[in-house]
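Peer 1: one predicted model, sequence on top.
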2 protein chains.
Amino acid sequence: MSVSDGRSILEEGAPAHDFFVLTNGRVKLFTLLPDGRRQITAFAEEGYFLGLAAVKTYSFSAEALGDVHLCRFPHASMQRLVERFPNLEHRLREEASRELSLMQARMTLLGRKTARERLATFLVERGKLLTQKGNTGFQEINLPMPRTDIADYLGLTIETISRVFSAFKKDGLIKIQGVTHVKVLHPEKMLMISEGLE
Amino acid sequence: MSVSDGRSILEEGAPAHDFFVLTNGRVKLFTLLPDGRRQITAFAEEGYFLGLAAVKTYSFSAEALGDVHLCRFPHASMQRLVERFPNLEHRLREEASRELSLMQARMTLLGRKTARERLATFLVERGKLLTQKGNTGFQEINLPMPRTDIADYLGLTIETISRVFSAFKKDGLIKIQGVTHVKVLHPEKMLMISEGLE
DNA sequence: CGAGAGGTTGATACCACTCAACGGCAGTGG
DNA sequence: CCACTGCCGTTGAGTGGTATCAACCTCTCG
């Protein structure tokens, strides 16, 4: 199944018929308030399990960030798969557990961290993704999402994001190499800031 | 297993050996920042599964809110149980999914709602708990936790909690009958406020 | 070259935080 | 029985961090 940039994959409140695995590209998950305020709850990458949190209806919306490929599994066929491969159930639970841990950290970010700490946390998080994938250092960071999305992910506004980036730059902590590319010059210090140790 | 008021049940970062089921009483789950800032991620009631999010180490701490009884299942024994009752694995995943949905709503609260909306959401949430248990209406609400805990749950300070309660009272929306007991006079309106529709 | 979207920067406003004083209540000891 | 003490919650005054509103910049695309 293919979805092109900006198109919706699933919608909050709709009956949860399917389960998805992201095979290629990126997706943002979010919930909306009636007046349009948005909270992005996750950026999903390749391999992400979409629709784990599904109870009867989806509890969030998902939208392609760039072009995306995914595998769709209707719940009925999932049930068949689970019967044939009992281990799958365990795998799904494992994935849900991992997700729960991440969410707890994000709740602390949203409830208790300052703008500076939030953005630092975001950069550190993205840096880890890169090291996992075997890139050289810890510091070349890609930001494939627009500022609006970063803001809605961190519970801030685009202006605040922009200002904090500028402040980091002024402090010699980062180098901005185009809107989507940032180099973290002092990863250890960035980590300190992200934990509120300045 | 019994734990008395205020005592720790498990600690963030400790190796996750056990899984718990809350059989009696209440528990607060939370994470801490190095400087002591705290985010309460959940108040757990009877029947709650504690330690679902466990990966290798616990990703949160848990503390008794009042005296508490729980069943402890070492992971090894859980594994045996899962083998004997294959359905249990499914049940665990279900519980994790439910938890994920709740957390998404809470992220929206922490990232995007005002103090007024947060407290209204909290009251509505607690009101639902009561109706589920078959109490008369929708409005008699019990607050077994101190203001400090409510504040750390909603990402606010105790002073703000106190002020918003006072404002609700002045607006004739609630009646405060002692620190731990609140009567919601206009549940529908409280619901509106909680969703930002004033 | 013009238009529009996305991002940055500046000025100002406002909501929630901080700091401080006060009040009520429970537990303690005289 | 009553002061004393400490904890918890409320209320007030002032501050500050982030939002809001607005102008400007930069890049892309037609």
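Peer 2: The structure has been received and is ready for your questions.
Peer 1: who in chain A is up against DNA strand C?
Peer 2: Residues of chain A lying close to DNA strand C by CB under 7 Å from any atom of the strand are A:146-148, A:158-159, A:161-163, A:165-166, A:176, A:179. Every residue, glycine included, has its C-beta placed from N, CA and C.
Peer 1: residue B:105: which of these is nearest?
Peer 2: Residue B:105 has its nearest neighbour among those in residue A:148, at 21.7 Å by CB to CB.
Peer 1: kindly export the lowest-mean-pLDDT helix or strand in chain A (C-alpha atoms) in CSV.
Peer 2: Taking mean pLDDT, DSSP states H and E as the measure, the helix or strand of chain A with the lowest value is helix A:115-132, at a mean of 88. Included here for helix A:115-132 are C-alpha records, laid out as CSV according to Å, rounded to 0.1, in the frame of the first residue of the first chain:
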residue,chain,number,x,y,z
ALA,A,115,11.4,24.8,25.7
ARG,A,116,15.2,24.6,25.7
GLU,A,117,15.1,21.2,27.3
ARG,A,118,12.4,19.9,24.9
LEU,A,119,14.3,20.8,21.8
ALA,A,120,17.6,19.4,23.2
THR,A,121,15.8,16.2,24.0
PHE,A,122,14.4,16.1,20.5
LEU,A,123,17.9,16.5,19.0
VAL,A,124,19.4,13.9,21.3
GLU,A,125,16.6,11.5,20.4
ARG,A,126,17.1,12.0,16.7
GLY,A,127,20.8,11.6,17.2
LYS,A,128,20.3,8.2,18.7
LEU,A,129,18.3,7.1,15.7
LEU,A,130,21.2,7.9,13.5
THR,A,131,23.8,6.1,15.6
GLN,A,132,21.6,3.0,15.6
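Peer 1: quick check: which helices or strands does the helix or strand just after it pack against?
Peer 2: Downstream of helix A:115-132, the next assigned helix or strand under DSSP states H and E is strand A:140-142. When contacts are defined as 3 or more CB pairs under 8 Å, 6 or more residues apart in numbering or on different chains; DSSP states H and E, strand A:140-142 sits against helix A:115-132, strand A:181-184.
Peer 1: what about the residues of chain A next to DNA strand C, which are in helices?
Peer 2: Cross-referencing those with the helices (criterion: DSSP state H) gives A:147-148, A:158-159, A:161-163, A:165-166 as the overlap.
Peer 1: and which of these is nearest residue B:98?
Peer 2: The shortest distance between residue B:98 and any of these, using CB to CB, involves residue A:148 and amounts to 30.5 Å.
Peer 1: ok, the closest residue to residue A:73 other than its chain neighbours to residue A:13 distance?
Peer 2: With CB to CB, 6 or more residues apart in numbering or on different chains as the criterion, residue A:73 has its nearest non-adjacent residue at 4.6 Å, and that residue is residue A:19. Residue A:19 sits 17 Å away from residue A:13 when distances are taken as CB to CB, to the nearest Å.
Peer 1: these two: who's more crowded?
Peer 2: Here residue A:19 and residue A:13 are set side by side on neighbour count (other CB atoms under 10 Å in any protein chain shown), and the busier one is residue A:19, at 19 against 13.
Peer 1: follow-up on the earlier one: make a markdown table out of the ones in helices among the residues of chain A next to DNA strand C and add pLDDT and neighbour count.
Peer 2: Written out in a markdown table, the entries for those read as follows (pLDDT from 0 to 100; neighbours: other CB atoms under 10 Å in any protein chain shown):
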| residue | pLDDT | neighbour count |
| --- | --- | --- |
| A:147 | 97 | 17 |
| A:148 | 98 | 13 |
| A:158 | 98 | 14 |
| A:159 | 98 | 10 |
| A:161 | 98 | 21 |
| A:162 | 98 | 13 |
| A:163 | 98 | 15 |
| A:165 | 98 | 20 |
| A:166 | 97 | 12 |
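Peer 1: what is the nearest of the residues you listed to residue B:85?
Peer 2: Sorting those by distance to residue B:85 puts residue A:148 at the head of the list, at 47.3 Å, by CB to CB.
Peer 1: quick one, domains of chain A?
Peer 2: According to automatic domain parsing, chain A comprises the domains A:2-110, A:113-194.
Peer 1: before we move on, what SS does the residue nearest the centre of chain A have?
Peer 2: For chain A, residue A:43 is the residue whose C-alpha lies nearest the centre (CA atoms, centre = their mean; 2.0 Å). Applying DSSP: H, G, I helix; E, B strand; the rest coil to residue A:43 yields a three-state assignment of strand.
Peer 1: pretty sure it contacts residue A:145?
Peer 2: Yes: taking CB atoms under 8 Å as the contact criterion, residue A:43 and residue A:145 are neighbours in contact, 6.6 Å apart.
Peer 1: identify the contacts common to those two.
Peer 2: With contacts taken as CB atoms under 8 Å, 6 or more residues apart in numbering or on different chains, residue A:43 and residue A:145 have A:26, A:28, A:65, A:153 as neighbours in common.
Peer 1: do the helix or strand encompassing residue A:105 and DNA strand D meet?
Peer 2: Using DSSP H and E, the secondary-structure element containing residue A:105 is helix A:86-112. No: for a cut-off given as CB under 7 Å from any atom of the strand, helix A:86-112 has no contacts with DNA strand D; the smallest distance is 10.3 Å.
Peer 1: number of nearby residues for the residue nearest to residue A:191 when sequence neighbours are not counted?
Peer 2: In space, not counting the residues next to it along the chain, residue A:191 is nearest to residue A:124; the distance is 5.5 Å by CB to CB, 6+ apart. Burial measure for residue A:124: 19 neighbouring residues, criterion other CB under 10 Å.
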